[in-house]
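Q: Below: sequence and its predicted model.
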Amino acid sequence: MYYIHFINQDKRLDNWRHEKDLWTNKKYPEISNDASETTIRTTPYLYIPDDKAKLTRSMKRKYGIINESLQSLSEIDPKLAALEKEREEITKVKNIEKVQFGNYLLNSWYFSPYPNEYKNINKLYICDHCMKYMKYESTLIKHRKECTMLHPPGTLIYEKDKLRVYEIDGKKEKLYCQNFCLLSKLFLDHKTVYYDIEPFLFYILTEKRQENGKEIDYVMGYFSKEKKSFDDYNLACILVLPPYQRKGYGHFLIEFSYELSKRENIIGSPEKPLSDLGLVGYRTYWQSVLLRVIKNNPKMNFTLRELSLLTSIRHEDIVSTLGSMNMLKYWKGEHSLCVTPKMVEDFLSEHQNIKMEPMVDASLIHDTYISKSNSHT
């Protein structure tokens, strides 16, 4: 067996392959270092039936080409570069291949620092209610009979239809949050919150279901944020579990984080750098919010500062988003909005995935850590 990494592609595509999948007497394809190439480039040893196949938009998303938020090592502090290099070496090879999570068998994407006795096993078993992890299926079967957790710990702060959001204090529910972070790390590359979770709040998105006369919440994703961020970051990590991806839940969680920012009276932004998929999600959210404001107020000549105050989106995020949409002009050292109603309509017709209506009903958010903190000040 050989462990295969694809040049210029995200590590989530790494996998083990049999020798029969490898070239032996064939000419190797040219390897390009240009991440903007529109053809699939692979390591020279892995057989791909058509190495000149064009990438569709969905394939570009899958193959991790949208990577503009990731800094190269040469652009960051030497100490950070050394730490990043060490992290890359440690996490180069996935230590767990598959995860049995409830009824879903998931292929892991990245290395996760589970205790040594759980490393390098083919399948890890995780309770989809309490997040406890186990080596053996028999242990999971026994645990399921004993586990009484029907929903995440913490406070239910949002409920609409079948969707619920629970707020969990990392200091109060340390074990649950640690276990969830370890699971999350299997699908997140650059995030490192595993054990130091006390300064963080976790917002768990669930779907409410009725089973055998019981109301049970099934975890679909989450985001975390610092209780107090001096940089006004409103999100540290975000993850929608693979079975629930591409259903709008990432957009929902991002929108929810900005609703919390509004309650804190801050102009928020996620921690950087964003992953390739994270950047895609945020760009789509920022576009939808900014277009909604502009479209609903066609006679208003907004400044970027006014847009920032209305949306709680940071100035630089607005500039990067509108710039990518060709809706900015630069004049006398300043960026200003340059958009017409027709430009908005044309953009929306070309981007059918833009959600023009809010997904979160802000009036239903209650009893948050933020509101409780404000009531004591």
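A: Sure thing, it's come through.
Q: Quick check: buried residues in stretch 156-166?
A: Under the neighbour-count criterion of 16 or more other Cβ atoms under 10 Å, stretch 156-166 has 156, 157, 158, 159, 163, 164, 165, 166 buried. All C-beta spots, glycine's among them, are computed from the backbone N, C-alpha and C.
Q: what's in contact with it?
A: 151-155, 167, 203-209, 217, 252, 256, 360-361, 364-368 (Cβ atoms under 8 Å, 6 or more residues apart in numbering).
Q: One more: stretch 120-131?
A: Residues from elsewhere that reach stretch 120-131, judged by Cβ under 8 Å, 6+ apart: 95-102, 105, 114, 118, 132-137, 139-140, 143-144, 147, 149-150, 176, 179-180, 183, 216, 218-219.
Q: what's residue 326 sitting at in phi/psi?
A: Per-residue torsions, residue 326: phi 60, psi 40 (degrees, to the nearest 10).
Q: for residue 152, that is, sorry about that
A: With angles defined as degrees, to the nearest 10, residue 152 sits at phi -60, psi 150.
Q: Verify the stated contact: it with residue 218.
A: No - look at residue 152 against residue 218 with Cβ atoms under 8 Å: they stay out of range, at 10.1 Å.
Q: Show me which of those two is the more surrounded one.
A: Using other Cβ atoms under 10 Å as the criterion, residue 152 and residue 218 rank with residue 152 on top: 27 against 20.
Q: Show the contacting residues for that one.
A: For residue 152, the contacting residues are 166, 168, 176, 204, 206, 217, 219, by Cβ under 8 Å, 6+ apart.
Q: Surely the first one is in a strand?
A: Yes - counting by DSSP: H, G, I helix; E, B strand; the rest coil, one finds residue 166 located in a strand.
Q: Overlap in contacts, residue 152 and residue 218.
A: By Cβ under 8 Å, 6+ apart, the residues touching both residue 152 and residue 218 are residue 206.
Q: mind listing the strands for the stretch 51-200 of the chain?
A: Using DSSP state E, counting those that start in this stretch, the strands found in the stretch 51-200 of the chain span residues 96-101, 104-107, 121-126, 133-134, 155-160, 163-169, 200-211.
Q: Distance to residue 232 and mean pLDDT for those strands - can I get that in a markdown table?
A: Below are these laid out as a markdown table (distance: least, Cβ to Cβ, whole Å; pLDDT from 0 to 100):
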| stretch | distance to residue 232 | mean pLDDT |
| --- | --- | --- |
| strand 96-101 | 34 | 95 |
| strand 104-107 | 34 | 97 |
| strand 121-126 | 34 | 93 |
| strand 133-134 | 34 | 97 |
| strand 155-160 | 21 | 98 |
| strand 163-169 | 19 | 98 |
| strand 200-211 | 15 | 97 |
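Q: Just the buried residues of stretch 292-303, please?
A: Residues 292, 293, 294, 302 are the ones in stretch 292-303 that count as buried (16+ other Cβ under 10 Å).
Q: ignore the last one, stretch 164-175
A: Buried-residue list, stretch 164-175, by 16+ other Cβ under 10 Å: 164, 165, 166, 167, 168, 169, 170, 173.
Q: Same question for stretch 299-316.
A: 302, 304, 307, 308, 311, 312, 313, 314.
Q: Could you count how many residues lie near residue 288?
A: Neighbour tally, residue 288, other Cβ under 10 Å: 22.
Q: residues in contact with it?
A: 251, 354, 355, 356.
Q: so, if you compare those residues, which one comes nearest to residue 4?
A: Of all the contacts of residue 288, the one with the least separation from residue 4 (Cβ to Cβ) is residue 251, at 32.6 Å.
Q: how many neighbours does the closest residue to residue 186 other than its chain neighbours have?
A: With sequence-adjacent residues excluded and distances taken as Cβ to Cβ, 6 or more residues apart in numbering, residue 186 is closest to residue 108, at 4.1 Å. Burial of residue 108 is recorded as 20 neighbouring residues (other Cβ under 10 Å).
Q: Check the one 10 residues further on too.
A: Using other Cβ under 10 Å, residue 118 has 16 neighbouring residues.
Q: pretty sure it is touching residue 136, no?
A: No - contact between residue 118 and residue 136 fails when scored by Cβ under 8 Å: they sit 11.1 Å apart.
Q: And the helices in the stretch 251-377 of the chain, which stretches?
A: Ranges of helices in the stretch 251-377 of the chain, per DSSP state H, counting those that start in this stretch, are 276-296, 304-311, 315-324, 341-350, 369-375.
Q: and those helices, which one is worst for confidence?
A: The weakest mean pLDDT among the helices of the stretch 251-377 of the chain belongs to helix 369-375, with a mean of 70.
Q: Buried residues, stretch 128-148. List them.
A: 128, 129, 130, 131, 132, 133, 134, 140.
Q: And stretch 359-371, end to end?
A: Its first and final residues considered, stretch 359-371 spans 21 Å by Cα to Cα, to the nearest Å.
Q: got the buried residues for that stretch?
A: Per 16+ other Cβ under 10 Å, stretch 359-371 contains these buried residues: 359, 360, 365, 368, 369, 370.
Q: circling back: please report how far the residue nearest to residue 186 lies from residue 114.
A: In this view, residue 108 and residue 114 are 11 Å apart by Cβ to Cβ, to the nearest Å.
Q: Touching both of those two, which residues are there?
A: Residues touching both residue 108 and residue 114 by Cβ under 8 Å, 6+ apart: residue 96.
Q: hang on, residue 362 packs against residue 259?
A: Yes - shown here, residue 362 and residue 259 form a contact pair, counting by Cβ under 8 Å, at 5.0 Å.
Q: which intervals of the stretch 1-150 of the chain have sub-threshold pLDDT?
A: Low-confidence segments of the stretch 1-150 of the chain (pLDDT under 70): 1-3, 5, 7-13, 15-20, 23-77, 79-92.
Q: if we can go back for a sec, go ahead and confirm the residue nearest to residue 186 touches residue 101.
A: No - look at residue 108 against residue 101 with Cβ under 8 Å: they stay out of range, at 10.5 Å.
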